[in-house]
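Undergrad: Predicted model and sequence follow; I will ask about them next.
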Amino acid sequence: MIDDEKEVRDVIADVLEMDGLDVLTASDGREALALMNRNRFDLIFCDLRMPQMDGRAFYEAIQRDYPGAFKRIVFVTAKADSPEYGAFLRETNIPVMEKPITMQQLRQMAARMLGPVRRH
């Protein structure tokens, strides 16, 4: 989970961990790229608006440096239709979840991207 808001990162991580998933978090795209150098991720939830490296720059970096990983991204944002990001989201066709999201929506997206999630 990549989000500059700690509370958002923690809530999403807690929900996914309750469902038996291992979760690492990052506060922006740069921190996430450092994690990708050491780990393989099955699914990446990523905010769009972040300092240092936003979701678009992160997407472009992994598309270039980690072929295939960009197919496992879900963007989580409050303004998917904004002039700043709307065209980008339409062009990439990456799944988007609009904030605020519910636990049910999060679980449904994880299941859609990963297949059924097994609980402990």
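TA: Received it, and whenever you're ready, just let me know what you need.
Undergrad: show me where the protein has helices.
TA: If DSSP state H is used as the criterion, the helices of the chain fall at 6-18, 29-36, 55-65, 86-92, 103-114.
Undergrad: Select, out of those, the one closest to residue 80.
TA: Residue 80 lies closest to helix 86-92 among these, at 5.7 Å (CB to CB). Backbone N, C-alpha and C define where each C-beta goes, glycine included.
Undergrad: Could you list the residues in contact with that closest one?
TA: 56, 59, 70, 75, 80, 96 (CB atoms under 8 Å, 6 or more residues apart in numbering).
Undergrad: list the contacts for the fourth one?
TA: So the one you mean is residue 75. 46-48, 55, 89, 94-97.
Undergrad: buried set for stretch 14-28?
TA: 15-16, 19, 21, 23, 25-28 (16 or more other CB atoms under 10 Å).
Undergrad: Can you pick out the most distant pair from those residues?
TA: 19 and 28 (25.0 Å).
Undergrad: still on that earlier bit, mind putting the helices of the chain in JSON lines, distance to residue 42 and mean pLDDT included?
TA: As requested, the helices of the chain are exported to JSON lines (distance: least, CB to CB, whole Å; pLDDT from 0 to 100):
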{"stretch": "helix 6-18", "distance to residue 42": "11", "mean pLDDT": "96"}
{"stretch": "helix 29-36", "distance to residue 42": "12", "mean pLDDT": "96"}
{"stretch": "helix 55-65", "distance to residue 42": "14", "mean pLDDT": "94"}
{"stretch": "helix 86-92", "distance to residue 42": "19", "mean pLDDT": "91"}
{"stretch": "helix 103-114", "distance to residue 42": "6", "mean pLDDT": "95"}
